[in-house]
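> when you get a sec, could you give me coordinates for this:
(2 chains)
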There are 2 protein chains.
Amino acid sequence: MVLGALPAAVRVYEVSPRDGLQNETAIISTAQKAALIERLVASGLRDIEVTSFVRPRWIPQLADAAELVALLPQLPDVNYWGLVPNVVGLERALQSGMRGVGTVLSASETHNKKNLNRTVRESLAGLEELIPVAKDEGMRVRAYISTVFGCPYEGHVAPEATLALAERLLAAGCDELVLGDTVGMANPVQVEQIISMLVDRGIAIDALAVHFHDTRGTALANALVALQCGITTFDASVAGLGGCPYAPGAAGNLASEDLVQMFEAMGVRTGVHLDRLADAGVYAEEVLGRELAGRYHQFHAGSVRRAVRSHTA
Amino acid sequence: MVLGALPAAVRVYEVSPRDGLQNETAIISTAQKAALIERLVASGLRDIEVTSFVRPRWIPQLADAAELVALLPQLPDVNYWGLVPNVVGLERALQSGMRGVGTVLSASETHNKKNLNRTVRESLAGLEELIPVAKDEGMRVRAYISTVFGCPYEGHVAPEATLALAERLLAAGCDELVLGDTVGMANPVQVEQIISMLVDRGIAIDALAVHFHDTRGTALANALVALQCGITTFDASVAGLGGCPYAPGAAGNLASEDLVQMFEAMGVRTGVHLDRLADAGVYAEEVLGRELAGRYHQFHAGSVRRAVRSHTA
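So this is what the prediction gives:
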């Protein structure tokens, strides 16, 4: 048995409205964002990171966080998540009625400094204050650990750095740790090594999620290995929406359709309706006005265009 | 151990000059093809399928087969391969000095009929005549079995159809069977199932190669599972050159850079120099005049463009 026993079902955590749009140059309207999120919900996605509660001037693409959240359909089994950089952002997320928040720091010192303008120690201290506040408010909290598999500035990142952060964040009350392959440097051997190391050192596999980027085409292969390791939460972005800030022109997040298509074909349930998800990707492409990079998306969008042509011919 | 013991080294069989160019609408000059192949050789690739000896009017892109072969650098450890549809093509390949030929038939009846205008039985009978002739001439022979993992017309293809063809082709003297995922329908579970079934029924793992397409983004994940199964010959096309004739706009062959980058990062030797290979991909893009779909290619080409800009600024 090469693949071994695989989880029967996984949870797809959709990041396109936040991680995707924040890396797009185009700014789309609040109504268009809401319409995209409605389509994502309609496809069966149940965890969607919809925006970031940062200062509006930091990320103009997401300056409409509160207005957007007010437009979203409220369904009992749908969890909307917002990224929060600090307690001010957390307060705004609470006022908007969010029940889940994401926080972020890096395993690599240089990336943390460039991305967050603080040392890793300062970021960790901030999160150790923020997480208990969020938990007291009854929120679910995930923490992105960026550059786990490599740093665009430092190259190799010691797995021990990730372990140390993981232990501290879980001790602070964090529900879920997201192993981020920020610039798509991970390879399958490394994915197995890092997940195994964390689990061997006492981190529960259910507390781990993976967030792969497809910069070098490896995202789905890495996701497969993570699945083999027992990971059941996978971040993805419809149509691969979003790019790589470190490599203009390169692919960004793992495309949700690619993940769903492969896992469902393997018999691993995702709860997501592939055609509806792909239609959401076509909608995203229309409103952004550029061709998106997801493989299944391009296959599907080509079919849609041919159907439109034959219908109008 | 999730990944298990992996082969220490693999052989990358480059298909861009034949499978890639035959699916491109642009026709590039013989000198440009030779220049591309020279770059592929310089990157360390040692098996390159350079053309097809079909009737020139069938595939105008490859009508210059003999002229092209005459231009190629002859190195003792480089193997050039040509596709041959029949004994007439085999004769032309022999006259051109080819030492390796590829032949093709499909596991699915409908695809074979549409692609080759013959029944599978007729194709097999033809190959059972052709292969011994080629072997008598001292050539190496590989046989592509198309649609092993699914057919664009019939959908599911019985693994037993592949097994039956494999046994007959090996009995006829074929050196290598290429399991073709012609339209990118394979998934990792299926890849393991089919390879295991063939090996369990007595086919040597060393007689098998895999040829994945990235139509749905799964090519590299499927290659990873094939590697775990012990496969050591992988077909790929630089920059993902070539498309999918069944889905315009979709990705085509697995990109050679993506395969080499991932395998080398995992410690699996390919003998290929990634940067030189990526430069060959940039050259292919220049002569074809369209952006190519390989992920590492896009990452690399973006870097090249930025370097050129900063150099000329």
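
> where's the nearest residue to residue A:18 once chain neighbours are set aside, which helix or strand?
Leaving aside its chain neighbours, residue A:18 sits nearest to residue A:49 (4.3 Å; criterion: Cβ to Cβ, 6 or more residues apart in numbering or on different chains). Just so you know, the C-beta spots here come from the backbone N, C-alpha and C atoms, and that holds for glycine as well. For residue A:49, the host element (DSSP states H and E) is strand A:47-52.

> which other residues reach that strand?
Strand A:47-52 has contacts (Cβ atoms under 8 Å, 6 or more residues apart in numbering or on different chains) with A:11-15, A:17-19, A:22, A:33, A:37, A:40-41, A:59, A:62, A:64-65, A:68-69, A:72, A:78-85, A:89, A:100, A:102.

> could you flag which of these are buried?
Among those, those buried by neighbour count (16 or more other Cβ atoms under 10 Å in any protein chain shown) are A:12-15, A:17-19, A:22, A:33, A:37, A:40-41, A:59, A:62, A:64-65, A:68-69, A:72, A:79-85, A:89, A:100, A:102.

> is the residue nearest to residue A:18 bridged to anything, and to what?
residue A:81 (DSSP bridges).

> phi and psi next, for residue A:255.
phi -80, psi 130 (degrees, to the nearest 10).

> which strand residues bridge it?
Here residue A:255, judged by DSSP bridges, has bridge partners residue A:237.

> next step: the contacts of strand A:47-52 restricted to helices.
Counting by DSSP state H, the part of these found in helices is A:33, A:37, A:40, A:41, A:65, A:68, A:69, A:89.

> any idea how far the residue nearest to residue A:18 is from residue A:169?
The gap separating residue A:49 from residue A:169 is 18 Å, by Cβ to Cβ, to the nearest Å.

> name the nearest residue to the residue in the stretch 51-200 of chain A that chain B sits nearest to, sequence neighbours excluded.
Scanning the stretch 51-200 of chain A for the residue nearest chain B gives residue A:187, at 3.8 Å (criterion: Cβ to the nearest Cβ). For residue A:187, ignoring the flanking residues on the chain, the nearest one in space by Cβ to Cβ, 6+ apart is residue B:265 at 3.8 Å.

> wait, residue A:100 sits on residue A:143?
No - look at residue A:100 against residue A:143 with Cβ atoms under 8 Å: they stay out of range, at 11.9 Å.

> do you have the strands of the stretch 51-200 of chain A handy? List them.
A:79-83, A:100-106, A:140-146, A:176-181 (DSSP state E, counting those that start in this stretch).

> coming back round to it: could you work out the most separated pair of the ones in helices among the contacts of strand A:47-52?
A:41 and A:89 (23.7 Å; Cβ to Cβ).

> stretch A:152-164: how far from the chain's middle?
Computed by Cα atoms, centre = their mean, to the nearest Å, the chain-centroid distance of stretch A:152-164 equals 20 Å.

> end-to-end on that stretch?
21 Å (Cα to Cα, to the nearest Å).

> list the buried residues of it.
Going by 16+ other Cβ under 10 Å, stretch A:152-164 has these buried residues: A:152, A:157, A:159, A:161, A:162, A:163.

> ok, residue A:70 - how many residues close by?
12 (other Cβ atoms under 10 Å in any protein chain shown).

> pull up the residues of the stretch 201-313 of chain A that are close to chain B.
A:214-218, A:220-221, A:223-225, A:228-229, A:244, A:247-251, A:255, A:258, A:261-262, A:265-267, A:294-296, A:298-299, A:301-303, A:305-306 (Cβ under 8 Å from any Cβ of the partner chain).

> run the last query once more with 6 Å
Within the stretch 201-313 of chain A, the positions lying close to chain B (Cβ under 6 Å from any Cβ of the partner chain) are A:214-218, A:220-221, A:224, A:228-229, A:247-251, A:258, A:261-262, A:265-266, A:295-296, A:298-299, A:302.

> drop anything exposed from the residues you listed.
A:214-218, A:220-221, A:224, A:228-229, A:247, A:249-251, A:258, A:261-262, A:265-266, A:295-296, A:298-299, A:302.

> keep only those of those residues that are in strands.
Assigned to strands by DSSP state E, none of these qualify.

> from those residues, which land in helices?
Using DSSP H, those in helices are A:220-221, A:224, A:228-229, A:258, A:261-262, A:265, A:295-296, A:298-299, A:302.

> dump the C-alpha coordinates for stretch A:10-28 into PDB.
C-alpha atoms of stretch A:10-28 as PDB (Å, rounded to 0.1, in the frame of the first residue of the first chain):
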ATOM      1  CA  VAL A  10     -11.700  16.800   4.800                       C
ATOM      2  CA  ARG A  11     -12.600  20.400   5.400                       C
ATOM      3  CA  VAL A  12     -11.700  23.000   2.800                       C
ATOM      4  CA  TYR A  13     -11.000  26.400   4.200                       C
ATOM      5  CA  GLU A  14     -11.500  29.000   1.500                       C
ATOM      6  CA  VAL A  15      -9.200  31.900   1.500                       C
ATOM      7  CA  SER A  16     -10.000  33.700  -1.800                       C
ATOM      8  CA  PRO A  17     -11.900  36.700  -0.400                       C
ATOM      9  CA  ARG A  18      -9.000  37.600   1.900                       C
ATOM     10  CA  ASP A  19      -5.700  36.000   0.900                       C
ATOM     11  CA  GLY A  20      -6.700  36.000  -2.700                       C
ATOM     12  CA  LEU A  21      -8.100  39.500  -3.100                       C
ATOM     13  CA  GLN A  22      -5.400  41.100  -1.000                       C
ATOM     14  CA  ASN A  23      -2.900  40.000  -3.600                       C
ATOM     15  CA  GLU A  24      -4.900  41.200  -6.600                       C
ATOM     16  CA  THR A  25      -4.200  44.700  -7.900                       C
ATOM     17  CA  ALA A  26      -7.800  45.200  -8.900                       C
ATOM     18  CA  ILE A  27     -10.200  46.500  -6.300                       C
ATOM     19  CA  ILE A  28     -13.700  45.000  -6.700                       C
END
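
> tell me the mean pLDDT over it?
For stretch A:10-28, mean pLDDT is 93.

> list the neighbours of it that are in contact with it.
A:33, A:37, A:40, A:45, A:47-52, A:59, A:61-62, A:83, A:232-238, A:241-243, A:245, A:252, A:268, A:270, A:272, A:287-288 (Cβ atoms under 6 Å, 6 or more residues apart in numbering or on different chains).

> just the buried ones from those?
The neighbour count (16+ other Cβ under 10 Å) marks A:33, A:37, A:40, A:45, A:47-52, A:59, A:61-62, A:83, A:232-238, A:241-243, A:252, A:268, A:270, A:272, A:288 as buried among the contacts of stretch A:10-28.

> rewinding a little: so which one among the buried residues of stretch A:152-164 has the lowest pLDDT?
residue A:152 (93).

> from residue B:266, how far out is it?
With Cβ to Cβ as the criterion, residue A:152 and residue B:266 are 20 Å apart.

> got a list of contacts for stretch A:162-172?
Residues contacting stretch A:162-172 (Cβ under 6 Å, 6+ apart): A:107, A:124, A:128, A:131, A:143, A:145, A:148, A:177, A:201, A:203.

> and if we set it to 8 Å?
Against stretch A:162-172 from outside (Cβ under 8 Å, 6+ apart): A:105, A:107, A:120, A:124, A:127-128, A:131-132, A:143, A:145, A:148, A:177, A:179, A:194, A:197-198, A:201, A:203, A:207.
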